[in-house]
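Novice: task: produce atomic coordinates for the following.
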Amino acid sequence: MLDAGRDMALETGAALTIEHLLLEEVIQRARVPRSSVYRLWPHREDYVDELLCYLAGPGSWFSDRSVLDPETFTMVKQVLDENEVLMATAEGRLAILREVVRITAQRNYESLTSSAPWRLHMALVATLGSTRTGEARKQIAAALEEAQRVTRESMVAVLGYIMERLGMRLRDPAYTLGHVQMAGGLLIMALAMRNVQVQTAIGEPGGQEGASQGSSATSSGTMAVAAHVNDLLNAPVPGPGLDGQPASWSLVGLAYLGQIEVFIEPDPEFVPPPS
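Specialist: As a prediction, this is how the structure comes out:
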């Protein structure tokens, strides 16, 4: 029943519609005995509360994926392994770090933008305050926090691994890798949400047949704005490259690099290990 409810929520594309799910439709989708369902959830509101907790926790986007997909992490390790010659200097190690950021930020951004489960998760976060009240809201919020905690701790571990290999340190003792992860992660998610919005706007038809001239003009203006925002978000921009020459970056990569370099710097006492 919970999986069927999640599938229906993904199809509709917004957590708010869960409030309007008909229990009979979910029963039909799940193909389970009606009597068993009503033993578990005597009232539809009981099922909705548990479904929202499921979507926030065990059934969330965060519960069944690693922070970096295997291919991304393989690419990161390849960058580290293939550029050991740059490890001899602080500038070289910083160049490697920037290349790792260039790769991982863009892939994470693209992964979030294309993920329907992640969009549902974000919709649930956005609508939490207006959809439920009392104890149910607390339980859903707790499930959201727990799901995000697992991902946060995993990403902190990844950052720690990269910093150790590259001989990096935090610029101030008051900073933690938790600060780095929180600031950078929220930045990427915010840009991905903006990208979801603009991609939806670009994908919609410019105007319906038979629309008035005023409506068409408004639609054309909206499309022009969406196209401009799409360029800002997704058109390549120059940034630092491994060889000292400009490389092709994305806005999300440069923005994330800015976050990273605020917190992290090369450790002057680092001694590279033998190759």
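Novice: and Ile27, how many neighbours?
Specialist: By the measure other Cβ atoms under 10 Å, the count of residues near Ile27 is 18. Every C-beta, even on glycine, is put in place using the N, C-alpha and C of the backbone.
Novice: host element of it?
Specialist: Ile27 belongs to helix 23-30 when elements are defined using DSSP states H and E.
Novice: what mean pLDDT would you report for that helix?
Specialist: When pLDDT is averaged over helix 23-30, the result is 90.
Novice: one more: stretch 233-246?
Specialist: 92.
Novice: which parts of the protein are helices?
Specialist: With DSSP state H as the criterion, the chain has helices at 2-12, 23-30, 34-40, 44-56, 70-82, 90-113, 116-131, 134-166, 177-203, 213-234, 251-263.
Novice: how far away is the residue lying closest to Gln139 once chain neighbours are set aside from Glu45?
Specialist: Leaving aside its sequence neighbours, Gln139 sits nearest to Cys53 (Cβ to Cβ, 6 or more residues apart in numbering; 5.3 Å). Separation of Cys53 from Glu45 (Cβ to Cβ, to the nearest Å) stands at 13 Å.
Novice: the more surrounded of the two?
Specialist: Cys53 (21 against 13).
Novice: in contact with the more buried one, which residues?
Specialist: Ala136, Gln139, Ile140, Ala143 (Cβ atoms under 8 Å, 6 or more residues apart in numbering).
Novice: thinking again about what came up before, Gln245 is nearest to which of the helices of the chain?
Specialist: Across these, Gln245 has its closest neighbour in helix 90-113 (10.9 Å, Cβ to Cβ).
Novice: report the buried residues of the closest one.
Specialist: Using 16 or more other Cβ atoms under 10 Å as the test for burial, helix 90-113 gives 90, 92-109, 111-113.
Novice: how about stretch 237-249?
Specialist: So for stretch 237-249, counting by 16+ other Cβ under 10 Å, buried means Gly239, Pro240, Leu242, Ala247, Trp249.
Novice: got the phi/psi numbers for the third one?
Specialist: Pointing back at Leu242 there. Leu242 adopts backbone torsions of phi -60, psi -30, taken as degrees, to the nearest 10.
Novice: I'd like the average pLDDT over stretch 148-165.
Specialist: On average, stretch 148-165 scores 88.
Novice: please disregard the earlier target; I meant stretch 188-207.
Specialist: Stretch 188-207 comes out at a mean pLDDT of 81.
Novice: tell me how far it is from the chain's mean position?
Specialist: 15 Å (Cα atoms, centre = their mean, to the nearest Å).
Novice: go on, stretch 159-176?
Specialist: Taking mean C-alpha positions (Cα atoms, centre = their mean), stretch 159-176 and its chain are 23 Å apart.
Novice: cool, and stretch 268-275?
Specialist: For stretch 268-275, the distance to the chain centre is 34 Å (Cα atoms, centre = their mean).
Novice: how much space between the nearest residue to Ala255 once chain neighbours are set aside and Leu251?
Specialist: Leaving aside its sequence neighbours, Ala255 sits nearest to Leu187 (Cβ to Cβ, 6+ apart; 5.9 Å). Going from Leu187 to Leu251 by Cβ to Cβ gives 11 Å.
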